[in-house]
Each structure stands twice: as structure tokens, then as C-alpha cells.
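Participant: Quick check, what structure comes out for this input:
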Amino acid sequence: MSVFLLVALTLAGAAAAAASNSHIATEFFITHASPGRRHLLVALSALSVAVLFVLMAWLFARAAFDEYQFGETTPGIGVPRWWYTMWFPPLALLVAWRAVRAWRHGIKASASGAEGERA
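Facilitator: Alright, predicted model coming up:
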């Protein structure tokens, strides 16, 4: 149960980071880049996060299906393990969706900012 909560909390934190576009590793490079390169780096970051978490969702779904198919149970309380694992694919897809959504929101914000500068 504690491992499930740890993974679920990590995925929730990743979803929050994806929504606010504040990944630790990419933020340094994005803030020090030129505006044109910044746009490319933000797109590359969002795409890589989305691809990674879609892949994780697929792997989590396979693991949950295997646990269901083979009837694995938890050692402590004896409930089916897939009860816990089945929540990971939707959470991983949520992170991917929020990364793409944050990227699209950034495109719209930069486009409206560019129009405001021209006026």
C-alpha cells in the first residue's frame, strides 16, 4: 500500500510540474535561451514528457493486466495487486495530457503576447 501511495503521489507531482511547465532539468536551459530557441525547447520538453508518460501508461497497463491474469495478491492483506496497479495508467496519461495542454497554453500565450507587442 505504501509503495502504491508513493508512486501515485509522484505521478500527481509530475502532473503538477507538467501543468506549470516547471521541470527542474529543463527550466535552466529554457530561461537562458533566446526566444526562438526557447519556443523549440519548450515544445521538445513537452513532447518528451508526453511520450515518456504515454509509454509508462502502456507499461503500467501491461503490468496490471499481468497481475490480473496471474491472480497476484499482496503479501500483507491478500488483496489482488491489480487493484493498486490499475490506477497508474490513468495517472500517467493525466501527466502526458497536462504536459501537452501546458505546451498548447504556452503557444497561445506567446501568440497573444506577440500580437500585443505589434499593436
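
Participant: C-terminal to the helix or strand bottoming out on mean pLDDT in the chain, what's the next element?
Facilitator: Least confident helix or strand, the chain: helix 24-31 with a mean of 72, by mean pLDDT, DSSP states H and E. Moving toward the C-terminus from helix 24-31, the next helix or strand (DSSP states H and E) is helix 35-70.

Participant: Only C-alpha atoms, please: export the helix or strand following that next one in CSV.
Facilitator: For helix 35-70, the succeeding helix or strand toward the C-terminus, using DSSP H and E, is helix 82-85. The C-alpha coordinates for helix 82-85 follow below in CSV (Å, rounded to 0.1, in the frame of the first residue of the first chain):
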residue,chain,number,x,y,z
TRP,A,82,-4.1,-5.1,-9.8
TRP,A,83,-6.4,-3.1,-7.5
TYR,A,84,-3.5,-0.8,-6.9
THR,A,85,-1.7,-1.0,-10.3
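
Participant: Name the residues of helix 82-85 that are buried.
Facilitator: Going by neighbour count (16 or more other Cβ atoms under 10 Å), the buried part of helix 82-85 is 82, 84, 85. All C-beta atoms are positioned from the backbone trio N, CA, C, and that covers glycine.

Participant: what's around residue 31, how many residues?
Facilitator: Using other Cβ atoms under 10 Å, residue 31 has 9 neighbouring residues.

Participant: again, but for residue 3
Facilitator: Using other Cβ under 10 Å, residue 3 has 9 neighbouring residues.

Participant: And the residue nearest the centre of the protein?
Facilitator: Nearest residue to the geometric centre of the chain (Cα atoms, centre = their mean): residue 95, 2.7 Å.
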